[in-house]
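# predicted model follows, preceded by the sequence.
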Amino acid sequence: MIHLRFAVMIVASRLTIRPNSGPALGLRTNGPENQTSATYRKTNRLYTCSKHRGYMEKLRPEQTSTLLQVTLPALKNEHRITKRIIEAIPLDKGDYRPDPNSKTALELAWHIAAAENMFLNVPASGEFNFGNNTQPESIRNSADVAQWYAEAFAANFERLTRLSPEQLVEVVDFRGKFQLSAVLYLDVGLKHSIHHRGQLTVYLRPMGARVPSIYGESYDDRQTRLAAQAAS
């Protein structure tokens with residue numbers, strides 16, 4: 001939960017904050033002085049979130065369309081990278097965990113895939129559906145996760161392109177912790193995936209796998225390239 005709250009703070013930091021003034025932008029943090037509740041009132045467009053102070057202007061529908069168009073390419077690019085990391089897990093090493101308290105590689109891969117698509121579904125459904133996060137019995141290895149991830153992402157991504165500004169601006173509650181306009185949860189979900197993807201990459205070499213390139217050429221990909229050049 002800590003990393004998810006941090007992601008929400010990052011989203012909020014990109015928007016104009018107006019301390020102690022006006023209605024909220026889809027997120028209103030601690031309201032009047034000493035108020036620490038996590039409730040919200042849609043009637044006066046005030047939305048509260050514990051821990052952090054400040055008020056923001058509510059998103060306008062036309063702003064959400066711009067945010068969506070900026071976010072869609074990032075979603076597609078990060079999905080491509082994340083899928084590559086999941087596919088790098090050896091099919092017979094899904095039960096690897098670096099510590100007894102850690103998730104197994106397969107559990108972590110599924111968490112990334114399922115949570116990302118849960119966030120992608122929020123603007124269309126207008127709510128969080130936590131019931132679809134249980135790993136199906138049919139998901140038995142990294143290839144199964146990667147296939148499910150690709151198919152679910154494609155369907156959710158296509159649906160996002162058809163949503164109206166009114167759907168994107170709708171304020172959605174997350175477990176009573178904070179409330180954001182639906183479109184903003186796409187960026188929160190993106191950071192959630194990147195966070196756990198970083199964890200998963202640390203699993204790869206101890207499993208005997210190679211680390212794919214992410215934002216630049218990885219050591220393993222560079223060694224493969226150099227070996228190919230030397231052999232040619």
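Good, I have the coordinates.
# quick check, central residue of the chain?
Central residue of the chain (CA atoms, centre = their mean): residue 189, 1.7 Å from the mean position.
# and that one, what is it in contact with?
Residue 189 makes contact with 115, 116, 118, 119, 120, 122, according to CB atoms under 8 Å, 6 or more residues apart in numbering. The C-beta positions use only the backbone N, C-alpha and C, and glycine is treated the same way.
# next SSE after the helix ranked longest in the chain?
Secondary structure assigned by DSSP state H gives helix 61-87 as the longest helix of the chain. Counting by DSSP states H and E, the next helix or strand C-terminal to helix 61-87 is helix 105-125.
# and that following helix, what does it pack against?
helix 61-87, helix 142-160, helix 165-169, helix 184-204 (3 or more CB pairs under 8 Å, 6 or more residues apart in numbering; DSSP states H and E).
# the first one vs helix 105-125, what angle?
This points to helix 61-87. On the basis of axes from the mean of the first three to the mean of the last three CA atoms, to 10 degrees, helix 61-87 is oriented at 160 degrees to helix 105-125.
# next one: helix 61-87 to chain centre, how far?
Helix 61-87 has its C-alpha centroid displaced from the chain centroid by 10 Å (CA atoms, centre = their mean, to the nearest Å).
# likewise for the shortest one?
Relative to the mean C-alpha coordinate of its chain, helix 165-169 is positioned 19 Å out (CA atoms, centre = their mean).
# same deal with stretch 59-67?
The answer for stretch 59-67 is 20 Å, by CA atoms, centre = their mean.
# can you say which of the helices and strands packed on helix 105-125 is packed in most?
Per residue and on average, the most neighbours among the helices and strands packed on helix 105-125 fall to helix 184-204, with a mean of 19 (mean count of other CB atoms under 10 Å).
# turn the helices and strands packed on helix 105-125 into a markdown table, columns for distance to residue 126 and mean pLDDT.
As requested, these are arranged in a markdown table below (distance: least, CB to CB, whole Å; pLDDT from 0 to 100):
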| stretch | distance to residue 126 | mean pLDDT |
| --- | --- | --- |
| helix 61-87 | 13 | 96 |
| helix 142-160 | 13 | 98 |
| helix 165-169 | 7 | 96 |
| helix 184-204 | 11 | 97 |
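# out of those helices, flag the one nearest residue 130.
helix 184-204 (13.5 Å; CB to CB).
# check which element follows the closest one along the chain.
Per DSSP H and E, the first helix or strand lying C-terminal to helix 184-204 is helix 219-231.
# what's the angle between that following helix and helix 184-204?
Using the same axes, to 10 degrees: helix 219-231 against helix 184-204 is 60 degrees.
# now do the buried residues in helix 219-231.
Counting neighbours by 16 or more other CB atoms under 10 Å, one finds that the buried residues in helix 219-231 are residue 220.
# thought residue 104 was touching residue 94?
Yes - when contacts are counted by CB atoms under 8 Å, residue 104 is listed as touching residue 94 (6.3 Å).
# what about the two, which has more around it?
With neighbours defined as other CB atoms under 10 Å, residue 104 and residue 94 compare such that residue 94 has more, 23 against 16.
# just the pLDDT for the closest residue in space to that one that isn't next to it in sequence.
Leaving aside its sequence neighbours, residue 94 sits nearest to residue 106 (CB to CB, 6 or more residues apart in numbering; 3.4 Å). Looking at residue 106, its pLDDT stands at 98.
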